[in-house]
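Asks: coordinates for the following, if possible.
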Amino acid sequence: MTRCRLCGSATLASVVDLGATPPCESFLAADQLDKPEPAYPLHLQVCTDCWLAQIPPLITPEETFSEYAYFSSFSTSWVEHARTFVADAVERVGLDPEAKDTFVVEVASNDGYLLKHVVDRGIRCLGIEPSVNVGAAARDAGVPTLTEFLSPETGSAVRAEHGPANLVVANNVYAHIPDVVGFTQGLRTLVADDGWVSIEVQHLLTLIEENQYDTIYHEHFQYYTVASAIRALASGGLTLVDVELLPTHGGSIRLWARPAEVAGEPSQQVAEVLDREKAAGLQELAGYTEFSARVAKVRRDLLTFLITAAERGETVVGYGAPGKGNTLLNHCGIRPDLLAYTVDRNPYKHGRFTPGTRIPILPPERIAADKPDYVLVLPWNLRAELVEQLSFVHEWGGRLVFPIPELSVVEAAPSKEVTA
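Replies: Presented below is the predicted three-dimensional model:
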């Protein structure tokens, strides 16, 4: 990658180089374990002109998303997050289920986890989801879903058939597309001339401040501040009017945008978050220079813990098989000798193996059967939810381990923590 994918500048600076890893959602079947496995460089850089952080587009979205292993509905907290969003959006946008032209579109709608709440309110909607398998699950759940990637052409076709959307939702997808300009133009094509676009995406500010380097993986082509998101939205004719700071995924931003012609002045919250980003140094190279050293410490601390546990004869297993976990496991070089297996609620992953590290993925019930000394929680962003779900581990004196933002061990009861 020699030029910024947003502004075209050639002034890209290194932020952190995580080596080469397989695509994070390429889980292996048993018959693939003795076959070659491709790996690609994972090097985060930042454009010093528009400050968009990005990785090279070495794999295509088609390779990742045509069949996808992530089903949003398996996270209880994420489904509740979606329900709350729909209730709030109905009020903000003024969605009227009685009006025949009321229409909501979600891009990257996954298994219908969000739009099912729109369907329940009697509001006409459509999901645009590129993954065949999760799109089929959404249709089975009663959510109308089109199997396509969003482009200006897709947006035009949907608008021609269904009419313009009062609200277009794009949660956790704005980082997943290498053609950020074309995707943004697609959003503008979908939305009504007086409509709203809501985008949720991880906030680069918290990624840097909280050492969340495991969220860097090949599915995520870019990483946004509010400042860089404003430029990205403008490339498609959209203007940011408001922003919300969210706890999801360790720290996200919800961007509310409208067509430039009707946007008006942005809220005070936009100015406040821009000031926070500037104060953190994210509009100058100095704000990025310490990140690589902190990433190296996370790796050392986790490996030290796992090696020490192995030498004491203690058992460590994992909970969850998220994409972020595979960045962490591969960067740290963790194999089954240090992490016997991991479990996941998604049956699609059972009997498969993590990419690169080849750690077996089993059903969650295995933890209670084996009673390990430690459970390494890989989806650390769901900490509150998983501390509650895994409270039974404490019945035999087991402890939970969270690797990020720094290594911490939950002992005896969920409220008692020791930070390494």
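
Asks: okay, now the sheet partners of whichever strand or helix holds residue 243, with direction.
Replies: Element membership for residue 243 (DSSP states H and E) is strand 238-246. Strand 238-246 pairs in its sheet with strand 252-259 (antiparallel), by DSSP bridges.

Asks: and the helix or strand following the partner strand with strand 252-259, angle?
Replies: The C-terminal neighbour of strand 252-259 among helices and strands, as given by DSSP H and E, is helix 268-279. Orientation of helix 268-279 against strand 252-259 (axes from the mean of the first three to the mean of the last three CA atoms, to 10 degrees) gives an angle of 130 degrees.

Asks: average model confidence for the next helix or strand after helix 268-279?
Replies: Going down the chain from helix 268-279, the next helix or strand is helix 291-311, by DSSP H and E. Computed over helix 291-311, the mean pLDDT rounds to 97.

Asks: what are the buried residues along helix 291-311?
Replies: 291, 294-295, 298-299, 301-302, 305-306, 309 (16 or more other CB atoms under 10 Å). From N, CA and C alone the C-beta is placed, and that goes for glycine too.

Asks: check which helices and strands that helix sits against.
Replies: Judged by 3 or more CB pairs under 8 Å, 6 or more residues apart in numbering; DSSP states H and E, helix 291-311 is in contact with strand 12-21, strand 316-319, helix 323-332.

Asks: show residues contacting that helix.
Replies: For helix 291-311, contacts defined as CB atoms under 8 Å, 6 or more residues apart in numbering pick out 15-18, 208, 211, 213, 315-316, 328, 331-334, 337-339, 373-374, 376, 401, 403-407, 420.

Asks: in the stretch 301-420 of the chain, where is pLDDT below threshold?
Replies: 411-420 (pLDDT under 70).

Asks: quick one on the thing from earlier: from the buried residues of helix 291-311, pick the one nearest residue 39.
Replies: residue 299 (17.5 Å; CB to CB).

Asks: quick one: the closest one from residue 324, how far?
Replies: Remark: distance between residue 299 and residue 324 (CB to CB, to the nearest Å) = 14 Å.

Asks: restricted to buried residues, select the contacts of helix 291-311 in PyMOL.
Replies: To isolate in PyMOL the members of those that are buried, counting by 16+ other CB under 10 Å, one can use:
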select buried, resi 15+16+18+208+211+213+316+328+331+332+334+338+339+373+374+376+401+403+404+405+407
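
Asks: just to revisit the earlier point, what would the strand holding residue 243 look like as PDB? C-alpha coordinates only.
Replies: The C-alpha trace of strand 238-246 is given here as PDB (Å, rounded to 0.1, in the frame of the first residue of the first chain):
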ATOM      1  CA  LEU A 238     -22.900  13.000   3.600                       C
ATOM      2  CA  THR A 239     -22.200  15.400   6.500                       C
ATOM      3  CA  LEU A 240     -21.800  14.400  10.100                       C
ATOM      4  CA  VAL A 241     -24.400  16.000  12.400                       C
ATOM      5  CA  ASP A 242     -24.000  14.200  15.700                       C
ATOM      6  CA  VAL A 243     -21.800  11.600  17.400                       C
ATOM      7  CA  GLU A 244     -22.400   9.300  20.300                       C
ATOM      8  CA  LEU A 245     -19.600   7.500  22.300                       C
ATOM      9  CA  LEU A 246     -20.500   3.900  23.000                       C
END
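
Asks: distance from the chain centre to that strand, please.
Replies: Relative to its chain's centre, strand 238-246 lies at 18 Å (CA atoms, centre = their mean, to the nearest Å).

Asks: now stretch 165-181
Replies: Once both centres are worked out by CA atoms, centre = their mean, stretch 165-181 turns out to sit 12 Å from its chain's centre.

Asks: show me where the stretch 51-200 of the chain has its strands.
Replies: In the stretch 51-200 of the chain, the strands defined using DSSP state E, counting those that start in this stretch lie at 53-54, 104-107, 125-128, 145-146, 165-171, 191-202.

Asks: contacts for the fifth one next, please.
Replies: This means strand 165-171. By CB under 8 Å, 6+ apart, the residues outside strand 165-171 that reach it are 82, 85, 89, 93, 95, 101-108, 114, 159, 187, 190-192, 195-200.

Asks: could you redo the last one with a cut-off of 6 Å?
Replies: With contacts defined as CB atoms under 6 Å, 6 or more residues apart in numbering, strand 165-171 is touched by 93, 102-107, 187, 190-192, 195-200.

Asks: restricting to C-alpha, output that strand in CSV.
Replies: Output of strand 165-171 as CSV, limited to C-alpha atoms (Å, rounded to 0.1, in the frame of the first residue of the first chain):
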residue,chain,number,x,y,z
ALA,A,165,-34.8,4.9,3.0
ASN,A,166,-35.7,7.2,5.9
LEU,A,167,-32.9,5.5,7.9
VAL,A,168,-29.9,3.6,6.7
VAL,A,169,-28.0,1.7,9.4
ALA,A,170,-24.4,0.5,8.9
ASN,A,171,-23.1,-1.1,12.1
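
Asks: residue 343 bridge partners, please.
Replies: Applying DSSP bridges, one finds that residue 343 bridges with residue 319, residue 362.

Asks: contacts only, for it.
Replies: Residues counted as contacts of residue 343 (CB under 6 Å, 6+ apart) are 319, 362, 364, 366-367.

Asks: 10 Å instead?
Replies: By CB atoms under 10 Å, 6 or more residues apart in numbering, the contact list for residue 343 reads 317-321, 349-350, 360-367, 370, 375.

Asks: what's the answer for residue 99, then?
Replies: The contact partners of residue 99, taken as CB under 10 Å, 6+ apart, are 123-124, 166.

Asks: same check on residue 259?
Replies: Residue 259 touches 188, 191-197, 236-239, counting by CB under 10 Å, 6+ apart.
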